[in-house]
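A.B. asks: Here is my input; please provide its structure:
(4 chains)
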Amino acid sequence: MSETSNLLTPHLMTRDQIAACVAADLEDNWLVNLGIGMPTLIPSFIPQGRDVMFHSENGVVGMGPPPAPGEEEQDLVSAGKGLVTLIPGGAYVHHTDSFAIARGGRLDCAVLGAFQVAGNGDLCNWRLPHQKSGSVGGAMDIAAGAKRVFVMMTHTTREGDAKIVAERSYPLTAGGVVRKIYTDMAVIAVTTNGLVLEAVAPGLTAEDVQAVTGAPLDTANVATIAVAA
Amino acid sequence: MSETSNLLTPHLMTRDQIAACVAADLEDNWLVNLGIGMPTLIPSFIPQGRDVMFHSENGVVGMGPPPAPGEEEQDLVSAGKGLVTLIPGGAYVHHTDSFAIARGGRLDCAVLGAFQVAGNGDLCNWRLPHQKSGSVGGAMDIAAGAKRVFVMMTHTTREGDAKIVAERSYPLTAGGVVRKIYTDMAVIAVTTNGLVLEAVAPGLTAEDVQAVTGAPLDTANVATIAVAA
Amino acid sequence: MKNKRADTLEDAVDQVQDGATVLVAGFGEPGVPEFLIDGVCDRGVRGLTVVSNNAGTGRSGLARLLGEGCISKLICTFPWAKESFVFKELYDAGKIELEIVPQGTLAERMRTAGAGLGGFLTPTAVGTDLAEGKPVHNIDGRDYVLELPLRADIALVKAYKVDPRGNLIFHKAARNFNPIMAMAADYTIVEAAEEVALGALDPEVIVTAGVFVDRYYITGPYAIGKEKQ
Amino acid sequence: MKNKRADTLEDAVDQVQDGATVLVAGFGEPGVPEFLIDGVCDRGVRGLTVVSNNAGTGRSGLARLLGEGCISKLICTFPWAKESFVFKELYDAGKIELEIVPQGTLAERMRTAGAGLGGFLTPTAVGTDLAEGKPVHNIDGRDYVLELPLRADIALVKAYKVDPRGNLIFHKAARNFNPIMAMAADYTIVEAAEEVALGALDPEVIVTAGVFVDRYYITGPYAIGKEKQ
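C.D. replies: Numbers count the residues shown, from 1 in each chain, chains lettered A, B, ... in the order given. Modelled structure (predicted):
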């Protein structure tokens, strides 16, 4: 998918481009959990030769890409219920062992979607305020347990409202856990001194990003994201 | 071993005879944990055709008898560290799963040794009062978790003091758990109405047993134990 | 040896009574005991509390049990999925009670019950709606929510192979909640694709020891979803 | 892929520092990582807190580590056995601190650490000396002791086979504490009899997933006790 496919909003990155940004930051030898939705695009963008292992909370340690045609295995699914494979050296575990991995500090990183992220790293991704109920799945356990949480999401809601805010107004998933935010406009680090705008999408300025962000951004040192042609 | 081998105390049952008494009370389809020492004699006395399965807390579910010569397996030991075997349909589990079985109500019975048993079923078997420390092993977990605890022991200390007492004076292992006591003199049930003398060894009277017991015994209905010739 | 095999589906589920708490394993489609669910459905029981990660798919399996009005309360992590439309209809009509539990907490609450423990402290859900009213303990500077055991009357489990003692192995990611739910119920019923002879399962690879299994039913060749057979 | 294999014993244990808390697996002789213990001994470290079910046998292994004065505190379930005479000498001379923990509680405290939990409630040891000073909670009419996680710097583990990702299988009752201790340490070191190729271990039968293993050392043909090789 190329950038130009996004005709109406030419300066926003595609989902694949965001996934490539996240993938570039996943380090060699990390064990990573990917939330359902956008984060599932990440594995195809892991640089060649880098060993990133994926954990799926339904008991798959070493989740591989979707199966080749004819090799589908109905009992081997991801947390998002899509068919996947197991890498050589992967293992199956039951649900409590899987969450022992998640809560026990063995996940070097979790990449999750979000409805809202606050300046202090509060993550809100399980229920919208107007909903009576939500689908929590493993989000609260994984967010509380991973060594670092990355968020991957669109920068604003469809209505153009800021999803990155000074203080959360949505129901909490886990407090103060988000380390980095990857959106279609920018890469933002969550630090003890507040949000730091690290990079913007090509064609955007720091001011463009600040304008649709509900919390002050430190813009002292902003790079431009290098996207694939 | 016959009764007459016990020349000095002719009316006391041998360890094998006590083991046979306990074995007779272990029911078909029970899962049973045996404490170290005397209770390990029990398996040879399980009546033919009765399916009693043994659990050893070091992760053996379905412990079988000691191996035949030449078939010893150094990695297959009982809780008492003696070489054992695994029955067909047995399984190995790790220590937390093994204690999940023990505490989780899956043990129909545990047969343990004791220093002292009180009239309310208090079990004392891990430390003598004059000792600074003791070896608890799995005794507290098993005693607290088994559906019923049987005690197998000599009726008195070597000095002739009562081991069955009105109130315990020894350090507690688990409170109110003992259901039945098998000694070289008698079989005693622990009930909500106190201790009931169910049976005495051949040649002994209820009075003989009461005389060396530190708690009142209900002697309304006492049988004589049938021992093997 | 106790005969745990049920020759008909009707016999397999004959212990499921009105008002029972029933654990239903599976995550997505893998590992869902679809035959047993149909058996429960056919019994026409009412007022069940069902514990399941998902809220049913399409109109078969758990969705059928929901649709036929057998369930009065669902304990679940991820109820709001497109394919769970039967549940949504019941919920919107006020015909079913819903309790949302984080996935790792749900698994751990069942393990806690199975392991004979009284509760556990988890960092999951601290400060969120899902921890409301639950005691919080600070241990070494971190807050934890006290969660209580979730014990059930019945567990419905899907396995790959079973032996006459009820020892189980599973298939890939269909393992998920199955071994945990098998531990957590007073009465565990298994559907397995294949029965193997006693001793045919390597004791090193058994995932669920037969001591946790009360009854099993053989479904024939393994498949995901009954319609695929 | 990260190289977890240490070619020398010296390399295998090079992360063990003075004052570390070290988990030493095994129950009796099966499953004791004798090579690694010797490696730690040879490093000449001091002031270790060691967690082990037993207190050493004869003069080799853990007994050697004790005898050479490397250990300042032992956390243990069964210290008083005839074969643990080295420990007894140190204890009687006031040269070592001892903490007695019930066996199921010891295993569960380590699992709790490994699973990222903050504590658990157990019926074990209620009302006994070993629960002194610990909070008691009444849940549904039964008393439970609150026990805290036991996390360590290092775990020394003995496995049967290992693959390059560190996936482990064990051998019969030598499994015991090994999988639990592997979860509970910041740095887990394994001695295994045999290294197999990536993918050679069936993912269904792996007991400890490689994500818990940091380093392994191959000892050659499996044996109990080094002297037997």
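A.B. asks: residue of chain C with the smallest distance to chain A?
C.D. replies: Closest residue of chain C to chain A, C-beta to the nearest C-beta: C:G104 (3.2 Å). Yep, even glycine has a C-beta here, placed from its N, CA and C like the rest.
A.B. asks: In contact with that residue, which residues?
C.D. replies: Residues near C:G104 by C-beta atoms under 8 Å, 6 or more residues apart in numbering or on different chains: A:57, A:95-96, A:99, A:102-103, A:138, A:140-142, A:145, C:122, C:124.
A.B. asks: 10 Å instead?
C.D. replies: Taking C-beta atoms under 10 Å, 6 or more residues apart in numbering or on different chains, we find C:G104 in contact with A:57, A:95-96, A:98-103, A:137-142, A:144-145, C:77, C:122-125, D:115-117.
A.B. asks: How about the secondary structure of it?
C.D. replies: Look at C:G104: counting by DSSP: H, G, I helix; E, B strand; the rest coil, its state is helix.
A.B. asks: Can you select the buried ones from the contacts of C:G104 in ChimeraX?
C.D. replies: In ChimeraX syntax, the buried subset of the contacts of C:G104 is picked out as below (16 or more other C-beta atoms under 10 Å in any protein chain shown):
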select /A:57,95,96,98,99,100,101,102,103,137,138,139,140,141,142,144,145 /C:77,122,123,124,125 /D:115,116,117
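A.B. asks: near chain B, which of the contacts of C:G104 show up?
C.D. replies: D:A115 (C-beta under 10 Å from any C-beta of the partner chain).
A.B. asks: Filter the contacts of C:G104 down to just the ones in helices.
C.D. replies: Counting by DSSP state H, the contacts of C:G104 place A:95-96, A:98-103, A:139-142, A:144-145 in helices.
A.B. asks: what's the pLDDT at the nearest residue to A:D122 once chain neighbours are set aside?
C.D. replies: Distances taken as C-beta to C-beta, 6 or more residues apart in numbering or on different chains put A:R168 closest to A:D122, at 4.6 Å, once the chain neighbours are dropped. On the pLDDT scale, A:R168 is placed at 98.
A.B. asks: repeat for A:A228
C.D. replies: The score at A:A228 is 70. That number is its pLDDT.
A.B. asks: and if you look at A:T191?
C.D. replies: For A:T191, pLDDT reads 98.
A.B. asks: try A:N6
C.D. replies: Looking at A:N6, its pLDDT stands at 44.
A.B. asks: Next: the one 4 residues further on.
C.D. replies: At A:P10, the pLDDT value in this model is 62.
A.B. asks: those helices in chain A, which residues are they?
C.D. replies: A:15-25, A:95-103, A:139-145, A:206-211.
A.B. asks: again but with chain C, I slipped
C.D. replies: C:9-12, C:34-43, C:62-67, C:85-92, C:103-114, C:178-184.
A.B. asks: Who are the packing partners of the fourth one?
C.D. replies: When you say that, I think you mean helix C:85-92. Counting contacts by 3 or more C-beta pairs under 10 Å, 6 or more residues apart in numbering or on different chains; DSSP states H and E, helix C:85-92 is packed against helix C:62-67, strand C:71-76, strand C:97-100.
A.B. asks: Output the ones you listed as CSV; include the columns distance to D:E147.
C.D. replies: Conversion of those to CSV gives the following (distance: least, C-beta to C-beta, whole Å):
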stretch, distance to D:E147
helix C:62-67, 36
strand C:71-76, 27
strand C:97-100, 27
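A.B. asks: Make TSV out of the ones you listed and add mean neighbour count.
C.D. replies: Below are those laid out as TSV (neighbours: other C-beta atoms under 10 Å in any protein chain shown):
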stretch	mean neighbour count
helix C:62-67	23
strand C:71-76	22
strand C:97-100	16
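A.B. asks: which one of these lies closest to chain B?
C.D. replies: strand C:71-76 (20.1 Å).
A.B. asks: CA-only coordinates of the closest one in PDB, if you can.
C.D. replies: Written as PDB, here are the backbone C-alpha positions of strand C:71-76 (Å, rounded to 0.1, in the frame of the first residue of the first chain):
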ATOM      1  CA  ILE C  71     -28.600 -19.100  30.700                       C
ATOM      2  CA  SER C  72     -29.500 -16.500  33.200                       C
ATOM      3  CA  LYS C  73     -26.000 -15.100  33.800                       C
ATOM      4  CA  LEU C  74     -22.800 -15.000  31.700                       C
ATOM      5  CA  ILE C  75     -19.400 -14.400  33.200                       C
ATOM      6  CA  CYS C  76     -17.200 -13.400  30.200                       C
END
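A.B. asks: Check whether it comes near chain D.
C.D. replies: No - Strand C:71-76 does not reach chain D (C-beta under 10 Å from any C-beta); its nearest approach is 17.6 Å.
A.B. asks: That strand to helix C:85-92, inter-axis angle?
C.D. replies: 110 degrees (axes from the mean of the first three to the mean of the last three C-alpha atoms, to 10 degrees).
A.B. asks: Tell me the helices and strands packed up against strand C:71-76.
C.D. replies: Applying 3+ C-beta pairs under 10 Å, 6+ apart, one finds that strand C:71-76 makes contact with strand C:21-24, strand C:48-51, helix C:62-67, helix C:85-92, strand C:97-100, helix C:103-114.
A.B. asks: B:V117 is nearest to which of those?
C.D. replies: Distance to B:V117, taken as C-beta to C-beta, is lowest for helix C:103-114 among these, at 29.6 Å.
A.B. asks: got the angle for that closest one vs helix D:103-114?
C.D. replies: Calculated by the same axes, to 10 degrees, helix C:103-114 forms an angle of 180 degrees with helix D:103-114.
A.B. asks: Please state the offset of helix C:103-114 from the chain centre?
C.D. replies: 11 Å (C-alpha atoms, centre = their mean, to the nearest Å).
A.B. asks: Let's see the pLDDT reported for the nearest residue to C:G220 once chain neighbours are set aside.
C.D. replies: Counting by C-beta to C-beta, 6+ apart, C:A193 is the residue found nearest to C:G220 once chain neighbours are left out, at 6.7 Å. Among the per-residue scores, C:A193 holds a pLDDT of 97.
A.B. asks: Same list (the ones in helices among the contacts of C:G104) but as JSON lines, adding distance to C:Y160.
C.D. replies: Below are those laid out as JSON lines (distance: C-beta to C-beta, whole Å):
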{"residue": "A:H95", "distance to C:Y160": "17"}
{"residue": "A:T96", "distance to C:Y160": "19"}
{"residue": "A:S98", "distance to C:Y160": "18"}
{"residue": "A:F99", "distance to C:Y160": "22"}
{"residue": "A:A100", "distance to C:Y160": "23"}
{"residue": "A:I101", "distance to C:Y160": "23"}
{"residue": "A:A102", "distance to C:Y160": "25"}
{"residue": "A:R103", "distance to C:Y160": "28"}
{"residue": "A:A139", "distance to C:Y160": "30"}
{"residue": "A:M140", "distance to C:Y160": "31"}
{"residue": "A:D141", "distance to C:Y160": "27"}
{"residue": "A:I142", "distance to C:Y160": "28"}
{"residue": "A:A144", "distance to C:Y160": "33"}
{"residue": "A:G145", "distance to C:Y160": "30"}
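A.B. asks: Near chain B, which residues of chain C are found?
C.D. replies: So far as C-beta under 10 Å from any C-beta goes, chain C lies against chain B at C:1-2, C:4, C:111-117, C:151, C:163-168, C:179, C:183-184, C:186, C:197-212.
A.B. asks: Cool, thanks, signing off.
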